[in-house]
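*Asks:* model the following, please.
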Amino acid sequence: MQQKALDLPIQAVSKADTQMIASLDALANAAPGVFNHLPAARSPSAFSQSEHRRTLAFNDYLLTVVYDLVVFSRRSDGGQLADRSGDQSKGHIYDWKTHQTPQKKARLASDWQTRLYQFVLCETTDLTPDQISMTYWFVRLDESERSGMSASTTSIPPQPSSYQFDYDLAQHDQTRQDLLSLTDGLTEMRRRENFPKVAVEKGVCEHCPFALRCDRLPFSAATQPQTTQQLLRTASQLTADSVTEVTL
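*Replies:* Below you'll find the model as predicted:
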């Protein structure tokens, strides 16, 4: 999606990853409006950017978000003013998910990604909460769906699914209060001793992204500190394929 936003060719990628191209084609069929902003739109009425980064200074902490795609537009699809006040601005966040089965919408609504993405956009722009919305697109197709798309050209291909979340002032105020509580608690914890490590017996270290920093390497029962050479050797073995997407 970033390559399309930059108007770069994707032929090389299509040859290497047919699954991704099948997912992309299915998304284009299901949500053609998304592709109106790819390549990125820059005009008096619209602005869009892939991998858009924003940082908010909040309660002595920096909160950074990276949007898969963010679109700022001045008019609604119907050509009418976006709200009764005459302010035409809108901000819409898109996030791509590769889960074959979408998460429950209620769970996504309360997830910190949803809440923080909308909160930061509101705090770092002139947009009001009700001018902001966010859509998750679940774009990965399973084996049977991809086979169905290639096996029959007459049937309707399986469609990706999506959830849209609108924003309002009540949600914004609640997120602010929750963030204040969390950051105040973190500040208080930092004044105390170092954070305690989770007991090895719980068996969570092998799947924890901080196992390396805690000297508890994945698939290792060793709890003794590692040498610099051992840490570098382990780090050199990490690849992009070995890092899985954080599930919601």
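*Asks:* average pLDDT for the lengthiest helix in the chain, rounded please.
*Replies:* Once the chain is assigned using DSSP state H, the helix that runs over the most residues is helix 169-191. Here helix 169-191 scores 95 as its mean pLDDT.
*Asks:* for the nearest residue to residue 132 once chain neighbours are set aside, give me its contacts.
*Replies:* Nearest residue to residue 132 in three dimensions, chain neighbours excluded: residue 167, at 4.3 Å (CB to CB, 6 or more residues apart in numbering). Yep, even glycine has a C-beta here, placed from its N, CA and C like the rest. The neighbourhood of residue 167, defined by CB atoms under 8 Å, 6 or more residues apart in numbering, consists of 118, 122, 129-130, 132-134.
*Asks:* please apply the same query to residue 57.
*Replies:* Residue 57 neighbours (CB under 8 Å, 6+ apart): residue 63.
*Asks:* quick one: buried residues of the host helix or strand of residue 114?
*Replies:* Applying DSSP states H and E as the criterion places residue 114 in helix 112-123. Of all the residues in helix 112-123, those buried under the rule 16 or more other CB atoms under 10 Å are 114-123.
*Asks:* got the contact list for that helix?
*Replies:* Residues contacting helix 112-123 (CB under 8 Å, 6+ apart): 54, 56, 58, 63, 65, 67, 70, 91, 93, 95, 108, 127-129, 132-134, 136, 165, 167, 171-172, 175-176, 178-179, 248.
*Asks:* related to what we said a few turns ago, got a list of contacts for the longest helix of the chain?
*Replies:* Helix 169-191 has contacts (CB under 8 Å, 6+ apart) with 58-61, 63, 115-116, 118-119, 122, 128-130, 195.
*Asks:* could you give the angle of it to helix 112-123?
*Replies:* With axes from the mean of the first three to the mean of the last three CA atoms, to 10 degrees defining the directions, helix 169-191 sits at 110 degrees from helix 112-123.
*Asks:* now do the strands in this protein.
*Replies:* 42-43, 46-58, 61-73, 90-97, 132-138, 161-166 (DSSP state E).
*Asks:* possible to save the ones you listed as a markdown table with mean pLDDT and distance to residue 212?
*Replies:* Below are the strands of the chain laid out as a markdown table (pLDDT from 0 to 100; distance: least, CB to CB, whole Å):
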| stretch | mean pLDDT | distance to residue 212 |
| --- | --- | --- |
| strand 42-43 | 64 | 41 |
| strand 46-58 | 92 | 25 |
| strand 61-73 | 94 | 22 |
| strand 90-97 | 93 | 27 |
| strand 132-138 | 95 | 30 |
| strand 161-166 | 94 | 34 |
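*Asks:* what would those strands look like in JSON lines with distance to residue 27?
*Replies:* Shown next, in JSON lines, are those (distance: least, CB to CB, whole Å):
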{"stretch": "strand 42-43", "distance to residue 27": "22"}
{"stretch": "strand 46-58", "distance to residue 27": "14"}
{"stretch": "strand 61-73", "distance to residue 27": "12"}
{"stretch": "strand 90-97", "distance to residue 27": "8"}
{"stretch": "strand 132-138", "distance to residue 27": "6"}
{"stretch": "strand 161-166", "distance to residue 27": "9"}
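*Asks:* tell me the one of the contacts of helix 169-191 nearest residue 213?
*Replies:* residue 195 (11.1 Å; CB to CB).
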